[in-house]
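Asks: How does the following fold in three dimensions:
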Amino acid sequence: MDFFRRLSENHLLIAPFCAFLMAQLFKIITNLIVERKFDLKAVLADGGMPSGHSATVSSLAIMCGYTEGIDSSLFAISMVLMAIVMKDAMGVRREAGKHAVSIKQLAEALNKTISAENEEIRTENLKVLVGHTPLQVFFGFLTGVCVALSYILIFLL
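Replies: Here you go, the predicted structure:
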C-alpha cells in the first residue's frame, strides 16, 4: 500500500496526467463545436485539438521547474523533452500523416480498378493518423501550462 500512497503523492506524475486527460476531454468539446457531433472516441484519439502530447510535456516541464527549481537537471531534461515532442508533433508526425492520406487515396483508387477476383492484390483499409498543426500544439501547450499552474495553486501552495 505504501507504493500506491507514494504514487498518489507524485506531483510530477499526477499533474501531467491530468493535463493529458484535460486535453483529451477538450477534443470532445472541439468536435462538438467544429463538427457538431458528440464523439466519445475523441478521448482516445491521436491528433486533433488540442495536442495531448504537448499538454503532457508542458505540464511536466512546469512541474519540474516549480518543484525541483529551474536550475535543476530534471527541469532541463523536461524542457528538452518538451521541445522534441512538440517539434515532432508538428514535423515528422504531421508529414507522416500527409503521406498516409496520399497512400490511402492511392489504395482506394487501386481497389476500384482491381477486380474482386484478385483479392491478393487488394489493399486493406488504412487508418490515417495525422500529426498536429502548430495551433493544436500551441493550445496543447497552453492546456498543460494552465493545468500545472492550477495544480500548483490548489495542491502545493
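Asks: quick one, longest helix in this protein?
Replies: Taking DSSP state H as the criterion, the chain has its longest helix at helix 11-34.
Asks: Report the buried residues of that one.
Replies: Buried residues in helix 11-34, counted by 16 or more other CB atoms under 10 Å: 11-12, 14-16, 18-20, 22-24, 26-28, 30-31. In this view, the C-beta of every residue, glycine as well, is placed from N, C-alpha and C.
Asks: Compute the inter-axis angle for the helix or strand that contains residue 56 and helix 11-34.
Replies: Residue 56 is part of helix 52-68, with elements assigned from DSSP states H and E. With axes from the mean of the first three to the mean of the last three CA atoms, to 10 degrees applied, the angle from helix 52-68 to helix 11-34 works out at 150 degrees.
Asks: going on from the lowest-mean-pLDDT helix or strand in the chain, what's the next piece of helix or strand?
Replies: When the helices and strands of the chain are compared on mean pLDDT, DSSP states H and E, helix 92-113 comes out lowest with a mean of 72. For helix 92-113, the following helix or strand on the C-terminal side (DSSP H and E) is helix 134-151.
Asks: about what we covered before: now for the helix holding residue 56, which elements pack on it?
Replies: Where contact means 3 or more CB pairs under 8 Å, 6 or more residues apart in numbering; DSSP states H and E, helix 52-68 is packed against helix 11-34, helix 73-90, helix 134-151.
Asks: Show me the contact partners of that helix.
Replies: 11-12, 15-20, 22-24, 27, 46, 72, 74-75, 77-79, 81-82, 85-86, 89, 132, 136-138, 140-141, 143-145, 147-149, 151-152, 156 (CB atoms under 8 Å, 6 or more residues apart in numbering).
Asks: again, only this time at 6 Å
Replies: For helix 52-68, the surrounding residues in contact (CB atoms under 6 Å, 6 or more residues apart in numbering) are 11-12, 15-16, 19-20, 23-24, 74-75, 78-79, 81-82, 85-86, 89, 137, 140-141, 143-145, 147-148, 152.
Asks: Pull out the buried residues from it.
Replies: Of the residues in helix 52-68, 52-66 count as buried by neighbour count, 16+ other CB under 10 Å.
Asks: Run the angle between it and helix 92-113 for me.
Replies: Going by the same axes, to 10 degrees, helix 52-68 makes 160 degrees with helix 92-113.
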